[in-house]
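Colleague: Sequence plus predicted model, see below.
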Amino acid sequence: MKWTQTLVPTLREAPADAEIPSHQLLLRAGLIRKLAGGVYTFLPLGLRTLRKIERIIREEMDRAGALEVAMPALQPPEIWEASGRAQTAGDVLFKLKDSTGRQWFLSPTAEEVITTLAANEINSYRQLPKNFYQVSVKFRDEIRPRFGLMRAKEFIMKDAYSFDTTDEGAMASYQKMYDAYKRIFARCGLQSFPVEADTGVIGGSHSHEFMIPAATGENEVAYCEACGYAANIEKATSGIPKTAARELGAAVEKFSTPGVVSIEALAKEPYKVAANRQIKTLVYIADSKPVIILVRGDDQLNETKLMAKTGAIAARPATPEECVATLGAKPGSLGAVLNVPADVKVYADERLRGANDMATGANEDGFHLKNVSIERDIKVSEWFDLRTVNAGEPCGKCAKPLKIRRAIEVGHVFKLGTKYSAKLNATFLDADGARKPSVMGCYGIGVTRTLQAVVEQSNDKDGIVWPIAVAPYTVCITPLGVAPGSPAMTLAEKIYTELTARGVDVILDDRDERPGVKFKDADLVGFPIRVAIGEKGLAKGEVEVKPRNAPFQAVKAEDAVEAVMKLVNG
Ligand code: ATP
Ligand code: MG
């Protein structure tokens, strides 16, 4: 490709609304353009990279035995009603009406569609296992689209769905996808690592997310360098000890704490009740009903765990008015010892089990309670792990200190079990003559998010540093002096033709621009290899071959193609 014949609108400055390096670079390098918040156009070079990533994904899916299909983006709401997700996933669903007033959903994912297909087409154990995948545009009404392709309203996802006759079969299908994902991200030049994940709204029993470490990532991951444990913070647990038991104190006692409305204030003079001897009482509205949550004073409630453990679809902190309605007091004075309405559930964090000699709010401004023994004095409905782990806590597996880092979720594998197949009648006749629901798994890769993650992980002060496998072009030839028939241009065209003949993707920068401008653009777009042909070098019969992230080497003009091929083949 000649530079002047394609469109590479590079920018000196990043647009003001691009917050993170990869978003700025994709815009500056002329790879994407924003049409509206969370909605992007891919320009020719951006699309080339996207296609390369898609090809890697397809190759690995095919290799793992998955079958490519193409499902519609328009989905009838009935299948979402049948699966029960019309409610649970309701807020990300794009809904539209056709001219007859019939409603449609735009596909955010396709469990319902593929399970409907399986219900109709798969009848016997002899047809199983099967794994179907597609690479297609998905739509999600994200409240806050941001960071370019990272969280978009319209994006490309690879989604796959496996159907097996047994649980063991489903685990084997899961493992195949897990292994394929590792290969896919490695082939894209990414350092990815799988972590245990919450199963969220999709439901299911077993799940891993594939993460790319990045300071700008929206996820936090707890991990142990010693034993390899790694989990999304939404799911992570640690080996932190329970609250130290003390003598069972006398009866609960009310004491005066004028103006004290925080854990920190009660920890100070004159009360000096350490945060780890306090019970923090929170009121949440879970699926429109108030619930009370107890965690230790020095712990933080993990909302994802709250929803996962209690099965709530939506949960938010209660407003001060709602707290008053539930417990008769405002946040800062709440406790679960007194006046808990009989129909309000009290969920306590496991770390508080057996704790005694604790302090908590008295549901009365200016007063707290002491000598609280949680199992004696509070009617706990259920105990769950509800706290967020902190860096430095002992790993639950090997007791070495946990670390926490930020990361980008690029892929997600789930074992779904029979949740969808049972509801949508995707059953098969087994060898024993019984009709059974298929055991399913689902597997997603954010293709456009992966593309941006490559840039986020691989850039420097001058621009993007593409791994060869996914670069828009592998080689950029930069003749300095582009007059047709000039020695530089003639040699450039010769090298271009030879490399192209060997299957290398080459772009020839035939713009009549100063060398500085051309080099800057080549570095900004991030081509892995640059071949510069200048008058001075030519006089000696030499050209410069420069890997994007290493110094140049002067090579004889006739050796240029071999030198490039050596770099291409690693
Ligand atoms: P997130 O937690 O980031 O919202 P998710 O868990 O809802 O993502 P999945 O339903 O697991 O996402 O979708 C599979 C993959 O699709 C994700 O791993 C991610 O890479 C990608 N993805 C999800 N939402 C978006 C989005 N709004 N924009 C771009 N990619 C997305
Ligand atoms: Mg996910």
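Modeller: Structure received. Residues are numbered from 1 along each chain as shown. Ligands and ions are numbered 1, 2, ... in the order given.

Colleague: Spatially nearest residue to residue 524, not counting backbone neighbours?
Modeller: residue 463 (3.6 Å; Cβ to Cβ, 6 or more residues apart in numbering). For every residue, glycine as well, the C-beta is placed using N, CA and C.

Colleague: cool, and residue 263?
Modeller: residue 297 (4.4 Å).

Colleague: Can you report how many residues neighbour the residue nearest to residue 524?
Modeller: 21 (other Cβ atoms under 10 Å).

Colleague: re the thing from before, share the number of residues neighbouring the residue nearest to residue 263, please.
Modeller: 23.

Colleague: Same question for residue 553.
Modeller: Residue 553: 13 neighbours (other Cβ under 10 Å).

Colleague: what sits against it?
Modeller: 544-546, 563 (Cβ atoms under 8 Å, 6 or more residues apart in numbering).

Colleague: And those residues, which is closest to ligand 1?
Modeller: The shortest approach to ligand 1 among the contacts of residue 553 belongs to residue 546, at 33.5 Å (Cβ to the nearest ligand atom).

Colleague: tell me which element the closest one falls in.
Modeller: Applying DSSP states H and E as the criterion places residue 546 in strand 542-547.

Colleague: What helices and strands are in contact with that strand?
Modeller: Secondary-structure packing of strand 542-547 (3 or more Cβ pairs under 8 Å, 6 or more residues apart in numbering; DSSP states H and E): strand 529-533, strand 553-556, helix 560-568.

Colleague: want to throw these into JSON lines with distance to residue 95 and mean pLDDT?
Modeller: Below are these laid out as JSON lines (distance: least, Cβ to Cβ, whole Å; pLDDT from 0 to 100):
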{"stretch": "strand 529-533", "distance to residue 95": "48", "mean pLDDT": "97"}
{"stretch": "strand 553-556", "distance to residue 95": "58", "mean pLDDT": "96"}
{"stretch": "helix 560-568", "distance to residue 95": "48", "mean pLDDT": "98"}
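
Colleague: Go through these and pick out the most buried.
Modeller: strand 529-533 (a mean of 24; mean count of other Cβ atoms under 10 Å).

Colleague: roughly how far out does it sit from the chain middle?
Modeller: Offset of strand 529-533 from its chain centre (Cα atoms, centre = their mean, to the nearest Å): 37 Å.

Colleague: In the protein, what residue lies closest to ligand 1?
Modeller: Relative to ligand 1, the nearest point of the chain is residue 446 (2.2 Å; Cβ to the nearest ligand atom).

Colleague: List the buried residues of stretch 472-490.
Modeller: 472-480, 482, 486, 488-489 (16 or more other Cβ atoms under 10 Å).

Colleague: And for that stretch, what's in contact with it?
Modeller: Outside of stretch 472-490, the residues within contact range by Cβ under 8 Å, 6+ apart are 1, 31, 44-46, 48-49, 466, 468, 491-492, 495-496, 499, 504-512, 515, 518-519, 522, 525, 527-535, 538, 564, 568.

Colleague: distance between the ends of it?
Modeller: 24 Å (Cα to Cα, to the nearest Å).

Colleague: cool, and stretch 90-108?
Modeller: First-to-last residue span, stretch 90-108, Cα to Cα: 11 Å.

Colleague: Report the distance from it to the chain centre.
Modeller: 25 Å.

Colleague: go on, stretch 444-464?
Modeller: The answer for stretch 444-464 is 13 Å, by Cα atoms, centre = their mean.

Colleague: For that stretch, list the C-alpha coordinates in CSV.
Modeller: Only the C-alpha atoms of stretch 444-464 are listed here, as CSV (Å, rounded to 0.1, in the frame of the first residue of the first chain):
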residue,chain,number,x,y,z
GLY,A,444,-16.4,-14.1,25.4
ILE,A,445,-13.5,-12.0,24.0
GLY,A,446,-13.8,-8.3,23.7
VAL,A,447,-12.1,-8.0,20.3
THR,A,448,-12.1,-4.3,20.0
ARG,A,449,-11.1,-4.0,23.7
THR,A,450,-8.3,-6.5,23.1
LEU,A,451,-7.1,-4.3,20.2
GLN,A,452,-6.9,-1.3,22.5
ALA,A,453,-5.3,-3.4,25.3
VAL,A,454,-2.5,-4.2,23.0
VAL,A,455,-1.8,-0.5,22.5
GLU,A,456,-2.2,0.2,26.3
GLN,A,457,0.4,-2.5,27.0
SER,A,458,2.7,-1.7,24.2
ASN,A,459,3.6,2.0,23.6
ASP,A,460,6.3,4.5,24.3
LYS,A,461,6.8,8.3,24.2
ASP,A,462,6.8,8.3,20.4
GLY,A,463,3.7,6.2,19.8
ILE,A,464,2.4,2.7,19.5
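
Colleague: how about that stretch: buried residues?
Modeller: 444-459, 463-464.

Colleague: Strands - which of these land there?
Modeller: Those of these mapping onto strands are 444-446, 459, 463-464, per DSSP state E.

Colleague: Report the two of those residues separated the most.
Modeller: Taking Cβ to Cβ as the measure, these reach their widest spread between 444 and 463, a distance of 29.7 Å.

Colleague: Show me what secondary structure element comes after the longest strand along the chain.
Modeller: The longest strand of the chain (DSSP E) is strand 403-417. Counting by DSSP H and E, the element after strand 403-417 in chain order, helix or strand, is helix 419-423.

Colleague: what helices or strands is the next helix or strand after that next one leaning on?
Modeller: Using DSSP H and E, the helix or strand that follows helix 419-423 in sequence is strand 427-429. Strand 427-429 sits against strand 435-437, with contacts defined as 3+ Cβ pairs under 8 Å, 6+ apart.

Colleague: so for the strand it packs on, what's the average pLDDT?
Modeller: Mean pLDDT, strand 435-437: 98.

Colleague: Contacts only, for the residue nearest the centre of the chain.
Modeller: The centre of the chain sits closest to residue 409, judged by Cα atoms, centre = their mean, with a distance of 2.2 Å. For residue 409, the contacting residues are 209-211, 217-219, 232, 446, 449, by Cβ under 8 Å, 6+ apart.

Colleague: what does this protein put close to ligand 1?
Modeller: 109, 140, 142, 151-152, 155, 157, 409-412, 444, 446, 448-449 (Cβ under 6 Å from any ligand atom).

Colleague: These: which two are farthest apart?
Modeller: Longest span within the residues of the chain next to ligand 1, Cβ to Cβ: 142 and 411, 18.1 Å.

Colleague: The two - which one has more neighbours?
Modeller: Neighbours per residue, other Cβ under 10 Å: of residue 142 and residue 411, the larger number sits with residue 411, 28 against 17.

Colleague: which element follows the lowest-mean-pLDDT helix or strand in the chain toward the C-terminus?
Modeller: Within the chain, no helix or strand scores below helix 85-88, which has a mean of 87 by mean pLDDT, DSSP states H and E. Per DSSP H and E, the first helix or strand lying C-terminal to helix 85-88 is strand 94-97.

Colleague: Which elements pack onto the next helix or strand after that next one?
Modeller: Sequence order places strand 103-106 as the next helix or strand after strand 94-97, per DSSP H and E. Counting by 3+ Cβ pairs under 8 Å, 6+ apart, the packing neighbours recorded for strand 103-106 are strand 74-75, helix 77-83, strand 94-97.

Colleague: partners of strand 103-106 in the sheet?
Modeller: Paired with strand 103-106 in the same sheet, following DSSP bridges, are strand 74-75 (antiparallel), strand 94-97 (antiparallel).

Colleague: what residues does that strand touch?
Modeller: Contacts of strand 103-106 (Cβ under 8 Å, 6+ apart): 73-77, 80, 93-98, 139.

Colleague: do stretch 1-19 as well
Modeller: Contacts for stretch 1-19 (Cβ under 8 Å, 6+ apart): 24-25, 27-30, 34, 43-45, 146-148, 473, 506-511, 521, 524-525.

Colleague: Which members of the contacts of stretch 472-490 are positioned in helices?
Modeller: Applying DSSP state H to these, the entries found in helices are 44-46, 48-49, 491-492, 495-496, 499, 515, 518-519, 522, 525, 535, 538, 564, 568.
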